[in-house]
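Trainee: got a predicted structure here, sequence first:
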Amino acid sequence: MDNKFFSFLIDNFNTFLSYTGFENATFGHIVMLFVGLLFIFLAIKYEFEPMLLIPIGFGILIGNIPFKDAGLQLGIYEEGSVLNILYQGVRQGWYPPLIFLGIGAMTDFSALISNPKLILIGAAAQFGIFGAYIVALQLGFDPSQAGAIGIIGGADGPTAIFLSSKLAPNLMGAIAVSAYSYMALVPIIQPPFMRLLTTKKERVIRMKPPRAVSTTEKIIFPLVGLLLTCFLVPSGLPLLGMLFFGNLLKECGVTRRLAETARGPMIDIVTILLGVTVGASTQATQFLTVQSIKIFALGAFSFIIATCAGVLFVKFFNLFLKEGNKINPLIGNAGVSAVPDSARISQVEGLRYDPQNYLLMHAMGPNVAGVIGSAVAAGILLGFLG
């Protein structure tokens, strides 16, 4: 009797062990757990996009807790699980338009309205997207996958998720994590290239203060912006429509509560859900592949090309501008849509060479133009490849 009872306990204990993470862990799980901890460390220690990296990092931990697949509906890829249901907002492209609604409600387009030529810098920075698209094709990715990978160069996480959900759902985890990683690393990646491509004389160019923008202009801008961009690229409507709608809520003056909700509680909730589920989608068995490594390399290439294209375009544009109207090339990096971090980098680099040269307001022009530009680029790729 005692032996039977002892055997019963041993069998149950072994069964219990078979369900634990210790029993089911692989080397890949351990690697991804360290990646998640690294994201959280960078967010807390160095404040690299903490609103994004902490949810994504914790999501990586959740997604890489090893478990035995016994029909318990635990993982993000198991139909009917809680994580799988929440992940549908990413897979079906629901979360990115809601993020854009919040971005529109918190964005001031005054710098762009006062100096419309700055939109050209935001457009120039999108060269990184199409450059990476071409290289991805050469590396063996099909056109749809290459388009989804290229959008990483726009440094716009929601746009990358939206486009990859339509063109390359199987690569979405790698693309999303890559896009958000490079957004967080803006302070590290951009400055060396900004210094490399500019001279000391160019770095101290002082730009004229932006003119005051009227309330009427601010109200008209989202209406005209919606009609122009969406008539040109209808496939960008989910992102551009919500971006300009959010901005109209902010600027019209009679929907303050809606604007505050969009840029406050709503965008916070969606950011949490998006970050955690994107992080959880990086299960080691799905994520640690040669394709993922290629995507990270192409994402870095795309982001660097976008930064360089923005700076070089300003230098070229200055050839046609008179003295006193020239643009400081240090704001060229802000053409990527990492708002407002890339504009802050312009400010920091400008003050490094001239402590009285404040570039932030000027840099916000191409920065918000980059948001529009990346959404337009996504619409173009979706229209051609979708």
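Mentor: Structure's in. What do you need?
Trainee: elements contacting the biggest helix by length in the chain?
Mentor: Taking residue count as the measure and DSSP state H as the definition, the longest helix of the chain comes out as helix 290-318. Secondary-structure packing of helix 290-318 (3 or more Cβ pairs under 8 Å, 6 or more residues apart in numbering; DSSP states H and E): helix 119-124, helix 127-138, helix 143-150, helix 172-184, helix 186-196. Just so you know, the C-beta spots here come from the backbone N, C-alpha and C atoms, and that holds for glycine as well.
Trainee: how far is whichever helix or strand comes after that helix from where the chain is centred?
Mentor: Past helix 290-318, heading to the C-terminal end, the next element that is a helix or strand (DSSP states H and E) is helix 341-353. In terms of Cα atoms, centre = their mean, to the nearest Å, the gap separating the centre of helix 341-353 from the centre of its chain is 20 Å.
Trainee: which residue is nearest the middle of this structure?
Mentor: The geometric centre of the chain, computed from its C-alpha atoms, lies nearest to residue 157 (Cα atoms, centre = their mean), at 2.0 Å.
Trainee: surely that residue touches residue 180?
Mentor: Yes - the pair residue 157 and residue 180 qualifies as a contact (Cβ atoms under 8 Å) at a distance of 4.7 Å.
Trainee: how much space separates the nearest residue to residue 99 once chain neighbours are set aside from residue 147?
Mentor: In space, and not counting its chain neighbours, residue 99 is closest to residue 158: 4.2 Å by Cβ to Cβ, 6 or more residues apart in numbering. Using Cβ to Cβ, to the nearest Å, residue 158 is found at 16 Å from residue 147.
Trainee: still on that earlier bit, quick one: closest of the helices and strands packed on helix 290-318 to residue 93.
Mentor: Each of those was scored for nearness to residue 93 using Cβ to Cβ, and the closest is helix 172-184 (10.0 Å).
Trainee: that closest one vs helix 143-150, what angle?
Mentor: Per axes from the mean of the first three to the mean of the last three Cα atoms, to 10 degrees, the angle that helix 172-184 makes with helix 143-150 is 30 degrees.
Trainee: the residue nearest to residue 346 when sequence neighbours are not counted and residue 65, how far apart?
Mentor: The shortest distance from residue 346 to any residue other than its chain neighbours is 3.7 Å, reached at residue 363 (Cβ to Cβ, 6+ apart). Counting by Cβ to Cβ, the gap between residue 363 and residue 65 amounts to 42 Å.
Trainee: with residue 257 instead?
Mentor: Residue 257 is 40 Å from residue 65, by Cβ to Cβ.
Trainee: look at those two and report which has more neighbours.
Mentor: residue 65 (15 against 9; other Cβ atoms under 10 Å).
Trainee: in contact with the nearest residue to that one once chain neighbours are set aside, which residues?
Mentor: The shortest distance from residue 65 to any residue other than its chain neighbours is 5.5 Å, reached at residue 21 (Cβ to Cβ, 6+ apart). For residue 21, the contact set (Cβ atoms under 8 Å, 6 or more residues apart in numbering) comprises 29, 65, 66, 67.
Trainee: swap in residue 199?
Mentor: For residue 199, no residue meets the contact criterion (Cβ under 8 Å, 6+ apart).
Trainee: equivalent analysis for residue 52, please.
Mentor: Contacts for residue 52 (Cβ under 8 Å, 6+ apart) come out as 43, 157, 180, 183, 184, 271, 275.
Trainee: can you report how many residues lie near the fourth one?
Mentor: Around residue 183 sit 26 other residues, with neighbours defined as other Cβ under 10 Å.
Trainee: with residue 64 instead?
Mentor: Neighbour count of residue 64, defined by other Cβ under 10 Å: 27.
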